[in-house]
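Participant: build the 3D model from these lines:
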Amino acid sequence: MSSPQNEVQAVQPISNDTSSSRLPIREIPGSYGIPFIGAIKDRLDYYYNQGRDNFFKIRMQKYQSTVFRSNMPPGSFMAKDPRVIVLLDAKSFPILFDVTKVEKRDVLTGTYIPSTSLTGGYRVLAYLDPSEPSHTNIKNLIFFILSTRHGKFIPEFHKSFSTLFDNLEAELSKSGKADFNSLNDVTSFDYLSQAFFGVNPSDTMLGSNGSKIAAKWLLFQLHPLMTLGLPKLLEELLLHTFHLPPFLVKSDYNKLYDFFYKASTKFLDEAEKMGIKRDEACHNILFATIFNAYGGMKLLFPGILKWVSLAGAELHQQLTDEIRSNVKSNDGQVTLAAIEKMPLTKSVVYEALRIEPPVMFQYGKAKKDLIIESHDAAFEIKKGEMIFGFQPFATKDPKIFEDGEEFIGNRFVGEGEKLVKYVVWSNGPETESPTVGNKQCAGKDIVVMMGMLLVIEFFLRYDTFTADIGNLPFGPSVTVKSLTKAV
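Facilitator: Residues are numbered from 1 along each chain as shown. Here you go, the predicted structure:
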């Protein structure tokens, strides 16, 4: 295991000068195969024959390149065009964030687009390119919501997740184990509703079903990227060949829409002042809250606990020491000032975001002829070609991160902070900020803060814990086996 100092020495500067390259131009290796059949073959390899990570590893080794051509799922009747140029290294990857060179219109989910019937007939913010007129107004609305409610994020988090931990302990005491994911799903939905809108879903017509309805709606948008362990033929027909009919989830979506329409009155008023139609604003607020924020918490929070659990008691002790000493010196309060004095806690969150980013795929369509560079060669990309990056390979790039496959809690402490620019989970480098002119996550800093709050609240309450780790269609499962409460 290397020190952060040694890791920094391994860093190579990122350079992707598209006007001139000092590296030799190499033809992009790989093939799309026979039309339609090649896409189906690659899809079967991706989901069943090889598996996701091996799909990329096998091709990277075969072509001796981190840049190559392939088809990306679903590659069927619902696909726009499955043909992509794959990027798997940290040097070529940032081209996907440069909106002067790549178009981000309708590329959120890659080679297919969910029906706009799932979003009230609108193309919501996540599918808009910054060059589109409505992008600026809608992203400014999201910024307005976040800035207006920022004072609620920490106290509402403490309230919501204290209840989660109470329930976790009760379940553990009763059954000898406790499913963190199911508790987190309910808590995250309720927390976001309280923090963003000051509304408890249980006091509305959603009752206690909000998280279940939200998860069902997410399934209808993301099913082409899933495997559920069903018989292969059934799964192929049900999930990967045709869109699930939106009408099957229409009544559930309407319940969510009605909830957000009533809960976000103040923000809908502001949206109209910005020139956004009221219903369009509501559909966008719903999407940002459920797809981006809630979907992210469903993946990120179990991911953080997974890696912290696997890291073991030594890291747990270091976290308890840092967290408790800073909170104690801050009159026992968790505040932004106290959080900023917890470099190890922040590093742990960055490391979880690096090793298992909640959004693993990035896409962009070349706006013009480009030359991109990997560490070893330069490649020509033609205008209109789809570029795809698989982030977990880029953020484990061995030429950037020594022992990149390992979770190292203090990787970004001290000199290791220089590596933070290679953490790109937010659709951009962690050292940059979201603006109306880019596609970086509007709530980037708040997500990191929420991740830190989870670790802080956990280790204020517990000294250490153990858990069984499994896999769900979109992330890890965490089943807590033991908790040692702080004395």
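
Participant: quick one: find the helix or strand in the chain with the lowest mean pLDDT.
Facilitator: Taking mean pLDDT, DSSP states H and E as the measure, the chain has helix 4-9 as its least confident helix or strand, at a mean of 33.

Participant: report how many residues lie close to Arg52.
Facilitator: Around Arg52 there are 16 other residues, counting by other Cβ atoms under 10 Å. C-betas here are computed from N, CA, C, even on glycine.

Participant: could you find the closest non-adjacent residue to it?
Facilitator: Nearest non-adjacent residue to Arg52, counting by Cβ to Cβ, 6 or more residues apart in numbering: Tyr46, 6.2 Å away.

Participant: now Leu370
Facilitator: Across the structure, with Cβ to Cβ, 6+ apart as the measure, the residue nearest Leu370 apart from its sequence neighbours is Ile381 (4.5 Å).

Participant: what residues does that neighbour make contact with?
Facilitator: Taking Cβ atoms under 8 Å, 6 or more residues apart in numbering as the criterion, Ile381 is in contact with 28, 85, 366, 369-372, 387.

Participant: neighbours of the spatially closest residue to Leu230 that is not a sequence neighbour, how many?
Facilitator: In space, Leu230 comes closest to Leu238 once its chain neighbours are excluded; the distance is 7.0 Å by Cβ to Cβ, 6+ apart. The local packing of Leu238 (other Cβ under 10 Å) involves 14 other residues.

Participant: report the secondary structure state of Leu238.
Facilitator: In three-state terms, and counting by DSSP: H, G, I helix; E, B strand; the rest coil, Leu238 is helix.

Participant: which residues touch it?
Facilitator: Residues 223, 230, 244 are the ones in contact with Leu238 under the rule Cβ under 8 Å, 6+ apart.

Participant: quick one: the residue nearest to the first one when sequence neighbours are not counted from Gly75, how far?
Facilitator: Going back to what we said before, that points to His223. Counting by Cβ to Cβ, 6+ apart, His223 lies nearest to Leu239, which is 4.7 Å off, once chain neighbours are set aside. Relative to Gly75, Leu239 is positioned 13 Å away (Cβ to Cβ, to the nearest Å).

Participant: so for these two, which residue has more residues nearby?
Facilitator: Set side by side, Leu239 and Gly75 show unequal neighbour counts under other Cβ under 10 Å, the larger going to Gly75 at 28 against 22.

Participant: please tell me I have it right and Phe220 contacts Leu244.
Facilitator: Yes - contact criterion Cβ atoms under 8 Å: Phe220 and Leu244 qualify, at 5.2 Å.

Participant: between the two, which has more neighbouring residues?
Facilitator: Set Phe220 next to Leu244 and count neighbours by other Cβ under 10 Å: Phe220 wins out with 20 against 17.

Participant: and the pLDDT at the more buried one?
Facilitator: Here the pLDDT value assigned to Phe220 is 96.

Participant: so which strand or helix has it?
Facilitator: In this structure, Phe220 is located in helix 210-222 according to DSSP states H and E.

Participant: could you export the helix or strand that that helix is followed by as PDB, CA atoms only?
Facilitator: Once the chain leaves helix 210-222, the next helix or strand it forms, by DSSP H and E, is helix 232-235. Backbone C-alpha positions of helix 232-235 (Å, rounded to 0.1, in the frame of the first residue of the first chain) are rendered in PDB as follows:
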ATOM      1  CA  LYS A 232     -31.700 -14.800 -20.000                       C
ATOM      2  CA  LEU A 233     -34.400 -15.000 -22.800                       C
ATOM      3  CA  LEU A 234     -37.000 -13.400 -20.600                       C
ATOM      4  CA  GLU A 235     -34.700 -10.700 -19.400                       C
END
